[in-house]
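In: from the sequence below, what's the structure:
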Amino acid sequence: MANKKLFLLILCCSLLVLIAGFTSELSLGDEVLHYRFAKCIFNTGSRVVSDPLYGTGKSLGLFFTSEPLWHVLLALIARLFGRLSIHIAQFYHTIYYALLILFTYLLGKELYGEKQGLYSALIVATIPAVVAFSILFYLDIPAAALSILCFWLLIRRKILWAGIVLGLMYLMKRNSCFFVPAFLWLIFYQTKPQLRDTTKNILYIILPSLLFIVPDLLWRENHLNFSISVTENGKEVFIPNAAVIAGIRERLLRKEIHLRTSEYLNSTLVNPVDIVKYFGLALLIGLLIYTFLRAYSKKDVILWLPIICYFIFFCYIFYPASDIRYLLPIMPLLVVVSSKAFSNFLNKKWLKASIILLCFMQFTSTVLYVRAKRQIPQGIKEGFAYLKENTPADAIVIYPEYLILELADRRFVWAGYLPTVIRDIFYSADNTVVEKLLKSNAISYLAIKKSRIFDDTKVRHCGGYPKSFVEKLPKLPFFKLVFDNKEMSIWKVD
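Out: Next up is the predicted model:
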């Protein structure tokens, strides 16, 4: 009976997530970059360093520094079909969502029993962040699925298999390796009387993972080991090759950026509304019941240690107020914790029905919301069509989204690529400085997505176009308006 319920849950939720993906458009954030990386691998048959649209990428490039597993597997699946399409990618990505539900169920069942496993599956399947990033092509859901699988294998004492999955975790998304100290502790905890067995098991998990990790590190050293340069204030500035290798070029310059601007985030842990939006009410209610009705037990340390371990690294590598989606790998573990509270304290049918209804509501609302947001306005499509048909093939455009690569086939720059340059273009009071920065960096167009204009009278960031800058554009003699509709305006640098 439990297997039938689990099967129906996975089937129904995955199907609805898939439909939402099929009836929307690839458009939001990093999902376009990940799809483009996979497409480059599919077209070339190898792992590429940078987007070919940017040429060599030595002076200005769009580097594919993210972990390659998601993209390589998608390219291989596309080979089987003879083509790569959004629908193939959507189906492939949905598989990770289904696996995450399954592995969370298996973990909950292994630790606490079948009922808790089912509650875990229900809640994780309907967490808003999980649902949203199962539609969008982000790597957080695949990383979470592999992390839970690795944890489950460790509890089952399948150490060698866990080591293989750990290597895949690294290749999927490196921050999933924040769990490693907790995983090693679990091995020690399970075999602590026998030092020989502990040593053997640690080698069993570390050595197989290195078979995946070391080749990737060597590839980065061999293919991304160069400095890139940008022009700032008339001077050529070199960005260290170590930053390119790590894929954190903009983070090394973060302190300089923050002298005058703040970082733009889609969500943050310091905002209670974002916590509810991402974690969902069902999970938060379960954690409150777990805490205040004292559903905890000594056995729970097996879950809490990796949760705390991951969170410590999250705070250190990123920072406490960083984007909540980076916490996705610990959400299934929190779900398993909360499942104890639901199964032990919600014995009345109306309470169970209320939780199920709540899960259903947050699932459907998230699916409908993401589907609506993942539509490309007609005015944006018209703007991209203008860029594609009326600008030189080598034009460089200031624009904040990767979508321009797919729909306009034009290179773009934003704060992640020219952090201090974009900041100074937007906020410099000296118009001659702005003109020099544009021309010295060969920027020939500015495309303004009007929905991303923000009031910068109280806060400054590079998550959109400052209203003060947009308002002064008509007064700047080196900008000429060449396209305008209700969604986008395009300015040429004369």
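In: look up how far residue 392 lies from residue 349.
Out: Distance from residue 349 to residue 392, counting by CB to CB, to the nearest Å: 67 Å. Backbone N, C-alpha and C define where each C-beta goes, glycine included.
In: tell me which residues of stretch 205-221 are tucked away?
Out: Neighbour-count burial for stretch 205-221, counted by 16 or more other CB atoms under 10 Å, picks out 205, 206, 208, 209, 212, 213, 216, 220.
In: now it: average pLDDT?
Out: Regarding stretch 205-221, the rounded mean pLDDT is 93.
In: avg pLDDT for the helix or strand containing residue 282?
Out: Assignment of secondary structure by DSSP states H and E places residue 282 within helix 281-292. Helix 281-292 carries an average pLDDT of 91.
In: what about it, distance to the chain center?
Out: 26 Å (CA atoms, centre = their mean, to the nearest Å).
In: quick check: next helix or strand after the helix or strand hosting residue 101?
Out: Assigned by DSSP H and E, residue 101 belongs to helix 86-112. Beyond helix 86-112 in the direction of the C-terminus, DSSP H and E gives the next helix or strand as helix 114-126.
In: what helices or strands is that next one leaning on?
Out: Packing contacts for helix 114-126, counted by 3 or more CB pairs under 8 Å, 6 or more residues apart in numbering; DSSP states H and E, involve helix 2-22, helix 86-112, helix 281-292, helix 331-345, helix 349-373.
In: tell me the most buried of those?
Out: helix 331-345 (a mean of 25; mean count of other CB atoms under 10 Å).
In: quick one, that one and helix 86-112 angle?
Out: 50 degrees (axes from the mean of the first three to the mean of the last three CA atoms, to 10 degrees).
In: so how far is residue 337 from residue 182?
Out: Residue 182 is 14 Å from residue 337, by CB to CB.
In: kindly report the same for residue 94.
Out: 26 Å.
In: residue 481 now?
Out: The gap separating residue 481 from residue 337 is 56 Å, by CB to CB.
In: check residue 171 too.
Out: For residue 171, the distance to residue 337 equals 28 Å [CB to CB].
In: quick check: the spatially most central residue of the chain vs residue 283, distance?
Out: In the chain, the centroid-proximal residue (CA atoms, centre = their mean) is residue 138; its distance is 4.4 Å. Residue 138 sits 19 Å away from residue 283, going by CB to CB.
In: quick one: the helices in the stretch 201-350 of the chain?
Out: Using DSSP state H, counting those that start in this stretch, the helices assigned to the stretch 201-350 of the chain run over residues 241-246, 249-252, 254-257, 272-279, 281-292, 301-317, 331-345, 349-373.
In: after the last one, which helix or strand is next?
Out: Proceeding C-terminally, helix 349-373 gives way to helix 378-390 as the next helix or strand, assigned by DSSP H and E.
In: distance between that following helix and the chain's centre?
Out: Relative to its parent chain, helix 378-390 has a centroid offset of 27 Å by CA atoms, centre = their mean.
In: now do the buried residues in that helix.
Out: For helix 378-390, using 16+ other CB under 10 Å, the buried residues are 379, 380, 381, 383, 384, 386, 387.
In: could you export it as PDB, CA atoms only?
Out: Below are the C-alpha coordinates for helix 378-390, written out as PDB (Å, rounded to 0.1, in the frame of the first residue of the first chain):
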ATOM      1  CA  GLN A 378       6.200  39.500 -26.500                       C
ATOM      2  CA  GLY A 379       7.900  42.900 -26.200                       C
ATOM      3  CA  ILE A 380      11.100  41.200 -25.000                       C
ATOM      4  CA  LYS A 381      11.000  38.900 -28.000                       C
ATOM      5  CA  GLU A 382      10.600  41.900 -30.300                       C
ATOM      6  CA  GLY A 383      13.600  43.600 -28.700                       C
ATOM      7  CA  PHE A 384      15.800  40.500 -29.100                       C
ATOM      8  CA  ALA A 385      14.600  40.200 -32.700                       C
ATOM      9  CA  TYR A 386      15.700  43.800 -33.400                       C
ATOM     10  CA  LEU A 387      19.200  43.100 -31.900                       C
ATOM     11  CA  LYS A 388      19.600  40.000 -34.000                       C
ATOM     12  CA  GLU A 389      18.500  41.600 -37.200                       C
ATOM     13  CA  ASN A 390      19.900  45.200 -36.900                       C
END
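In: now it: average pLDDT?
Out: According to the model, helix 378-390 has a mean pLDDT of 97.
In: so the helix holding residue 101 versus helix 301-317, what angle?
Out: Going by the same axes, to 10 degrees, helix 86-112 makes 130 degrees with helix 301-317.
In: what pLDDT does the model give the closest residue to residue 382 other than its chain neighbours?
Out: Distance criterion CB to CB, 6 or more residues apart in numbering; nearest residue to residue 382, sequence neighbours excluded, is residue 485 at 6.0 Å. On pLDDT, residue 485 comes in at 95.
In: residues in contact with the helix or strand harbouring residue 80?
Out: Taking DSSP H and E as the criterion, residue 80 maps to helix 69-81. For helix 69-81, contacts defined as CB atoms under 8 Å, 6 or more residues apart in numbering pick out 34, 37-39, 41-42, 47, 64, 84-85, 88-89, 92, 139, 142, 168, 171-172.
In: just the buried residues of those residues.
Out: Those of those that meet the buried threshold are 34, 37-39, 41-42, 47, 64, 84, 88-89, 92, 139, 142, 168, 171-172, by 16+ other CB under 10 Å.
In: from those residues, which ones fall inside helices?
Out: 34, 37-39, 41-42, 88-89, 92, 142, 168, 171-172 (DSSP state H).
In: what's the most distant pair in those?
Out: The two members of those with the most space between them (CB to CB) are 39 and 168, at 21.9 Å.
In: picking up where we left off before, can I get the buried residues of stretch 205-221 in a markdown table including distance to residue 115?
Out: Converted to a markdown table, the buried residues of stretch 205-221 look like this (distance: CB to CB, whole Å):
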| residue | distance to residue 115 |
| --- | --- |
| 205 | 31 |
| 206 | 36 |
| 208 | 34 |
| 209 | 34 |
| 212 | 36 |
| 213 | 38 |
| 216 | 41 |
| 220 | 46 |
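In: restricted to strands, list those.
Out: Per DSSP state E, strands hold no members of the buried residues of stretch 205-221.
In: nearest to residue 294, of these?
Out: Nearest to residue 294 among the buried residues of stretch 205-221: residue 205, at 34.0 Å, using CB to CB.
In: that closest one and residue 383, how far apart?
Out: Relative to residue 383, residue 205 is positioned 51 Å away (CB to CB).
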